[in-house]
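J.: Pasting a predicted model and its sequence here:
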Amino acid sequence: MPVFYGTEVPSRLMLGTALYPSPAVMADAFRRSGAGIATVSLRREAGNGGGQDFWALVAGLGVHLLPNTAGCHTAREAVTTAHMAREVFGTDWIKLEVIGNADTLQPDPFGLLDAARILTDDGFHVFPYMTEDLVLADRLLAAGCEVLMPWAAPIGTGLGLMNPYALRSLRAHFPDVPMVIDAGLGLPSQAAAAMEMGFDAVLLNTAVAHADDPAAMAEAFALALRAGRLAHDAGPMAPRDMAAPSTPLIGKAFL
Ligand SMILES: CC(=O)[C@@H](O)[C@H](O)COP(=O)(O)O
């Protein structure tokens, strides 16, 4: 199972806590999937009726909490939010989001790097939500990040792994860095593909919360992650252009 900043988590599935039809449905999705980490947004949930009951429910899930800086558009805002989250949730883990474009919600690589440098200096364990850019990954690691969270596709789109070439390249360049595919996954098969590529975990929210049956969908993702990881560890065959017979010809009857 993946190890993030020295902590082994019991599942490769990380779930968001927003958009569910009700807190009870959210709790069911966690229970049925066995997800090991819940990401929580101080800002969003504080503004969306996330009162004491909600926090008590989240605490009762028995999962690791990964506070995030969702909704922050500058490094400064993200740093301030991270500090507040550390106080509220009592963890130095922070999923760092610095949004660079209001339409695509894509991460701002410059603001992200600035904020990551500040927060690692301040003792945070930073999980940066990033584009799949190799150079950015290199800089974030140099800034002290020990986990990377490249996106699959823009948040909430469900488009899946948009740039498999770049994701494969990231994985190949940094084989020992724990990497989580975050955002844009729509289907369990996409999560399985991420596992087959060798990624360590996935983080998703909309695909589960907006399913007709969120708990069933969460379980489907958990099963897909298991299958994909098993396939990865089993050593997949190398694809080839030329056909190769899978049935031996020796002993074939002559007609
Ligand atoms: C909950 C959270 O952190 C989201 O910002 C995350 O990136 C999930 O994205 P999807 O909703 O596309 O799965």
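T.: Sure thing, it's come through. Numbers count the residues shown, from 1 in each chain.

J.: For Leu223, which residues are in contact?
T.: Applying CB atoms under 8 Å, 6 or more residues apart in numbering, one finds that Leu223 lies in contact with Pro188. (Glycine included, C-beta is placed from N, CA and C.)

J.: List phi and psi for it.
T.: Note on Leu223: its backbone torsions stand at phi -70, psi -40 [degrees, to the nearest 10].

J.: quick one, strands of the stretch 51-200 of the chain?
T.: Listed from the start of the chain, the stretch 51-200 of the chain has strands (DSSP state E, counting those that start in this stretch) covering 64-68, 93-96, 125-130, 149-150, 180-182.

J.: Pull up the per-residue confidence for the residue nearest to Gln190 when sequence neighbours are not counted.
T.: Spatially, and ignoring its direct neighbours in sequence, Gln190 is nearest to Gly160 (3.8 Å; CB to CB, 6 or more residues apart in numbering). On the pLDDT scale, Gly160 is placed at 98.

J.: got the contact list for Gly160?
T.: Going by CB under 8 Å, 6+ apart, Gly160 touches 152-153, 184-187, 190, 193.

J.: now with 6 Å?
T.: When the contact criterion is CB atoms under 6 Å, 6 or more residues apart in numbering, the partners of Gly160 are 152, 186, 190.

J.: ok, Cys145 to Val25 distance?
T.: Shown here: Cys145 relative to Val25, a distance of 33 Å by CB to CB, to the nearest Å.

J.: where's the residue of the stretch 1-150 of the chain found nearest the ligand relative to Ala218, distance?
T.: Of the residues in the stretch 1-150 of the chain, the one nearest the ligand is Gly16, at a distance of 2.7 Å by CB to the nearest ligand atom. Distance, Gly16 to Ala218, using CB to CB: 11 Å.

J.: Could you list the low-pLDDT ranges of the stretch 1-150 of the chain?
T.: Counting by pLDDT under 70, the stretch 1-150 of the chain has low-confidence residues at 44-50.
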